[in-house]
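Chemist: Just the structure for this:
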Amino acid sequence: MSGSELDQLERCYPAIAERLITGVLDFALQVRRDMGDVDKWIVFTEISLRFYNRPDVRGLTIEALHALDDMAMRIAGTNVRSIAEASGMARETVRRKAAELVRDGWVDQTGSSLSLSRLGLQNAGLFRRELIRLAQCSHAAVQSCRHGRCP
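Modeler: Predicted structure coming up:
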């Protein structure tokens, strides 16, 4: 998005604020309902991001993801230090939240490597639908401000 498009969105923000804020709030409430802990969600999301950024995963459908074997699920795990650096969270907080995710079955741990578990992949679907709604809402708001006009 160019600087002029960002300027236009900034100028039109009062007209689109309700749609944008509602989308973000709905997503945050979904996180709170399903996970109850934003720090834990951030750690889970960092681990999920590593999984979804894998070149062998990007082109797969949801059905194909669920068909991956356990070894394929563990490839390209991450660690506490990497998550702490990426998120800006304290290592001890990340370690504690990762231990909770392992205990809850959302994350697998092999040595110091953390990876998305089969249950974690399944539970990521709880957030996927709300994240897609947020993207749709944001896209609609941005489109309404295009071409130099505010809605």
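
Chemist: The most centrally placed residue in the chain is in what secondary structure piece?
Modeler: Nearest to the mean C-alpha position of the chain, by Cα atoms, centre = their mean, lies Thr45 at 4.7 Å. Secondary structure assigned from DSSP states H and E places Thr45 in helix 38-52.

Chemist: swap in Asp108?
Modeler: strand 107-110.

Chemist: Show me what the helix or strand following that strand is packed up against.
Modeler: Per DSSP H and E, the first helix or strand lying C-terminal to strand 107-110 is strand 113-116. If you count contacts as 3 or more Cβ pairs under 8 Å, 6 or more residues apart in numbering; DSSP states H and E, strand 113-116 packs onto helix 38-52, helix 70-74, helix 91-104, strand 107-110. Heads up, the C-betas are built off the backbone N, CA and C, glycines and all.

Chemist: List of residues touching the lowest-mean-pLDDT helix or strand in the chain?
Modeler: Across the helices and strands of the chain, the lowest-confidence element by mean pLDDT, DSSP states H and E is helix 70-74, at a mean of 71. By Cβ atoms under 8 Å, 6 or more residues apart in numbering, the residues outside helix 70-74 that reach it are Phe51, Asp56, Asp108, Thr110, Ser113, Ser115, Leu116, Ser117, Arg118, Leu121.

Chemist: Run the angle between the longest helix along the chain and helix 38-52 for me.
Modeler: In the chain, taking DSSP state H as the definition, the longest helix is helix 3-34. Helix 3-34 and helix 38-52 meet at an angle of 110 degrees, taking axes from the mean of the first three to the mean of the last three Cα atoms, to 10 degrees as the criterion.

Chemist: who does the strand holding Asp108 pair up with?
Modeler: The strands beside strand 107-110 in its sheet (DSSP bridges) come out as strand 113-116 (antiparallel).

Chemist: Can you give me the buried ones in the strand it pairs with?
Modeler: By 16 or more other Cβ atoms under 10 Å, the buried positions in strand 113-116 come out as Leu114, Ser115, Leu116.

Chemist: ok, now stretch 37-55?
Modeler: Residues of stretch 37-55 classed as buried: Asp39, Lys40, Trp41, Ile42, Val43, Phe44, Thr45, Glu46, Ile47, Ser48, Arg50, Phe51 (neighbour count, 16+ other Cβ under 10 Å).

Chemist: quick check, nearest of those to Ala140?
Modeler: Thr45 (24.0 Å; Cβ to Cβ).
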